[in-house]
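> Sequence plus the predicted model coming up.
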Amino acid sequence: MSMDLFFWIIAFLINLALMASTFYQIVILTDLEADYINIYDSATSINRIVLPEFIVQGVFCASFLLTWHWFMFLITVPVTCYHVMLFLKRQHLFDVTEAFRFLNAEKKFRLIKLGFYLVIFAIVTGRLALSVFEFLSDADDATHLF
């Protein structure tokens, strides 16, 4: 298997995990808004996955830089910088005492982030399809040589 194909498979899986994490946070916030879940449980559920999500996003962005995928790096760097800014200001955790005041803003932020991840997902899926096509066409060319 070529390295490019392997990279795009890994990028596909990482992006899928980021989308699932963001969607889970949106569901928790919606349940909190509809009063289906306790505020402490929702904060615990969201705060447990925020830091791993930030780390995965940073690794995702750095992997594009290290593999010379400049376009994808430039697309993912704003969200990574925003995550770093939130972490440095210590605003990355969902605060129980301020939950209902910032509930709509938190939902909007996560919906925008989910939309961003969906765009990245479409690009990564397209690149994965191109890499599979190139891999299969190279394999066909190699079999015709013998």
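That came through fine. Residues are numbered from 1 along each chain as shown.
> From the contact counts, what lies against the helix or strand encompassing residue 4?
According to DSSP states H and E, residue 4 maps onto helix 3-33. Applying 3 or more CB pairs under 8 Å, 6 or more residues apart in numbering; DSSP states H and E, one finds that helix 3-33 contacts helix 39-66, helix 103-145. Using the backbone N, CA and C atoms, a C-beta is placed for each residue, glycine as well.
> Give the buried residues for it.
Within helix 3-33, the residues that count as buried by 16 or more other CB atoms under 10 Å are 4-5, 7-8, 11, 14-15, 18-19, 21-22, 25-26, 28-29, 32.
> is it possible to export the helices and strands packed on helix 3-33 to JSON lines including distance to residue 89?
JSON lines is the format used below for those (distance: least, CB to CB, whole Å):
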{"stretch": "helix 39-66", "distance to residue 89": "13"}
{"stretch": "helix 103-145", "distance to residue 89": "14"}
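> Comparing these by mean pLDDT, which bottoms out?
Ranked by mean pLDDT, the helices and strands packed on helix 3-33 bottom out at helix 103-145, which scores a mean of 86.
> okay, now residue 108: neighbour count?
11 (other CB atoms under 10 Å).
> Tell me how far the residue minimising distance to the centre of the chain lies from residue 56.
Nearest to the geometric centre of the chain sits residue 18, at 3.1 Å (CA atoms, centre = their mean). Counting by CB to CB, to the nearest Å, the gap from residue 18 to residue 56 is 6 Å.
> No further questions, thank you.
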